[in-house]
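> no sequence on hand, only this structure:
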């Protein structure tokens, strides 16, 4: 077993909420611990507006439920969720969305891990740094909407390398490691799928000798992939080495729009990358895996079938 250099990262809110106590932050369910990605200060560390905290949005319900949003993440972590029942050896790193402003930790994080682990897949939930490019908190705007999300992408690359480095300990097949992301997290999926040869940070330990290329990729209502003119974002340079990809978007998505998946699909197809895309008439944006009356709510079943088709999961009996 390779020694873990990192210590468990746990933040606990204590004391009078009206005093100088730290605000409450997202915590994984009992039995799971957040593991810091970096042994020291993360590379390209950027200032954030204040301490990290979690809020529950009870006004904008999704499938009748609120969403938990994590804000001001300066110390990124990953949380490992072991598969239930038979372990297929497959693992998926999950990138929650939130416009690089916040992270939807339950809607596009823990609820996704519940689904993956029920299918025998190890889930690695990444709490990456936000606010981050393309979002700029000082102006509450996105002046460069197609910019590379450098701090967040560094966290994504680092996570894939760490998972491969500790694959034997975590009972993971290092050659069957995928990524799955929503909205801004879908952009991270495309970035890490196309920028794995671009080293964004200096190696910090032996884990950084591992590859950051995913073996398969799932992007759900992704953003930042298409220009206003309908061209591919130059920061996602698709090549024949881009991993097989699964795309889902709704035609009534008024946040990012179906053009995002369409443009990325065309680029993948042109490069000869295996790709499957599903467009639906209704669904909007930020629906996660929560059940609704819209047919798009069944996308996880299609994604599971696709994973079996490409060999990421064993063929069902």
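Yep, that arrived. The structure displayed is predicted, hence computed values, not measured ones.
> from here on, just use CA atoms for contacts and neighbour counts.
Noted.
> skipping adjacent residues, who's closest to residue 113 in space?
Nearest residue to residue 113, sequence neighbours excluded (C-alpha to C-alpha, 6 or more residues apart in numbering): residue 123, at 5.3 Å.
> burial of that neighbour, as a residue count?
Residue 123 sits with 29 neighbouring residues when counted by other C-alpha atoms under 10 Å.
> also residue 253?
Neighbours of residue 253 (other C-alpha under 10 Å): 18.
> please tell me how far it sits from residue 119.
Counting by C-alpha to C-alpha, to the nearest Å, the gap from residue 253 to residue 119 is 28 Å.
> what residues does the top strand by length along the chain touch?
Ordering each strand of the chain by length in residues (DSSP state E) puts strand 53-62 first. Residues outside strand 53-62 that contact it (C-alpha atoms under 8 Å, 6 or more residues apart in numbering): 23-26, 65-72, 287, 290.
> most surrounded residue in those?
If you count neighbours using other C-alpha under 10 Å, the busiest of those is residue 71, which has 25 neighbours.
> from residue 134, how far off is that residue?
According to C-alpha to C-alpha, residue 71 stands 16 Å off from residue 134.
> so what sits opposite residue 91 in the bridge?
Judged by DSSP bridges, the bridge partners of residue 91 are residue 122, residue 177.
> renumber starting at 41 from here on
Will do, 41 is the new start, and the previous item becomes residue 131.
> mind checking pLDDT for the nearest residue to residue 216 once chain neighbours are set aside?
Leaving aside its sequence neighbours, residue 216 sits nearest to residue 130 (C-alpha to C-alpha, 6+ apart; 5.2 Å). What the model reports for residue 130 is a pLDDT of 98.
> ok, now residue 356?
Here, the pLDDT recorded for residue 356 equals 75.
> over to residue 99?
So, for residue 99, pLDDT stands at 79.
> what's the burial count for it?
There are 9 residues near residue 99, going by other C-alpha under 10 Å.
> now swap in the one 4 residues further on and tell me
Applying other C-alpha under 10 Å, we find 13 other residues in the vicinity of residue 103.
> could you do residue 70 as well?
Residue 70 has 6 neighbours, counted by other C-alpha under 10 Å.
> likewise for residue 225?
Neighbouring residues of residue 225 were enumerated by other C-alpha under 10 Å; the total is 31.
> host element of residue 154?
Assigned by DSSP states H and E, residue 154 belongs to helix 151-158.
> so what strands line up beside whichever helix or strand residue 143 is part of?
According to DSSP H and E, residue 143 maps onto strand 142-144. Under the criterion DSSP bridges, strand 142-144 sits next to strand 105-111 (antiparallel) in its sheet.
> for whatever helix or strand comes next after the strand it pairs with, which outside residues touch it?
With elements assigned by DSSP H and E, the helix or strand that comes after strand 105-111 is strand 117-121. Contacting residues not belonging to strand 117-121 are listed as 49, 68, 72-77, 153, 157, 162-168, 199 [C-alpha under 8 Å, 6+ apart].
> so which of the residues you listed sit within helices?
153, 157, 199 (DSSP state H).
> mind listing what the first one touches?
With contact taken as C-alpha under 8 Å, 6+ apart, residue 153 is in contact with 121, 134, 163, 164, 165.
> the last one and residue 76, how far apart?
So the one you mean is residue 165. Residue 165 sits 12 Å away from residue 76, taking C-alpha to C-alpha as the criterion.
> those two: which has the busier surroundings?
Between residue 165 and residue 76, counted using other C-alpha under 10 Å, the more crowded position is residue 165 (26 against 21).
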